[in-house]
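Student: the sequence and its predicted three-dimensional model are supplied below.
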Amino acid sequence: MTSFERGMPGQHRLGPDGEWELDETLVDERYVAVHIANKGLFVFTACSHAGLINVLTHAGNRFPDVPIYGVLGGFHLSGATESMIPDTVEALEPFNLALIAPAHCTGWRAIGALATRSKDRVVSSAVGKRFVL
């Protein structure tokens, strides 16, 4: 959906013939969107291999009458996808999220860029951490 999120470089999938084939676009990205009363949608991402903005855009399109309140999960902005950090941080702004909780595969450079731009709306996520909304 975005011009800068083109999938996960080097990603493969097991094809129907049992052979591994290149699958960098990941059109079947997984996420869970929960509607929290009086707040909006909270999106739990897996690794966002298709791109965090693509994930949030899709969730917003699926539930057009519900604002997206926050996101928690892996944003996969490390390694081969670090070049997308500035574009992702910029494209995140129009969502006006109250909470951004990057996890496991986001990468420290992306967490730093998000925190610099979004200040106290960014809260690192970790196993066992509790969030009270």
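Tutor: In hand now; what should we look at? In this text, all values refer to a predicted model and were calculated from it rather than measured experimentally.
Student: in the host helix or strand of residue 56, what counts as buried?
Tutor: According to DSSP states H and E, residue 56 maps onto helix 52-62. For helix 52-62, the neighbour count (16 or more other CB atoms under 10 Å) marks 52, 53, 54, 55, 56, 57, 58, 59, 60 as buried. All C-beta atoms are positioned from the backbone trio N, CA, C, and that covers glycine.
Student: roughly how far does the closest residue to the last one other than its chain neighbours sit from residue 118?
Tutor: Residue nearest to residue 60 in three dimensions, not counting chain neighbours: residue 68, with 5.7 Å by CB to CB, 6 or more residues apart in numbering. In this structure, residue 68 and residue 118 are 14 Å apart, going by CB to CB, to the nearest Å.
Student: what ranges do the helices span in the protein?
Tutor: 52-62, 85-92, 108-118 (DSSP state H).
Student: and the angle for the helix holding residue 56 with helix 108-118?
Tutor: Counting by axes from the mean of the first three to the mean of the last three CA atoms, to 10 degrees, helix 52-62 lies at 60 degrees to helix 108-118.
Student: got a list of contacts for helix 52-62?
Tutor: Applying CB atoms under 8 Å, 6 or more residues apart in numbering, the contact partners of helix 52-62 are 1-2, 5, 29, 31, 33, 41, 43, 45, 48, 68, 71, 75-77, 88, 91-92, 95.
Student: OK, contacts around the nearest residue to residue 97 once chain neighbours are set aside?
Tutor: Once flanking residues are discounted, residue 97 sits nearest to residue 70: 5.3 Å by CB to CB, 6+ apart. The contact partners of residue 70, by CB under 8 Å, 6+ apart, come to 42, 43, 97, 98, 99, 100, 101, 133.
Student: between residue 68 and residue 118, which contacts overlap?
Tutor: With CB under 8 Å, 6+ apart as the test, residue 68 and residue 118 both reach residue 97.
Student: out of those two, which sits in the busier spot?
Tutor: residue 68 (20 against 15; other CB atoms under 10 Å).
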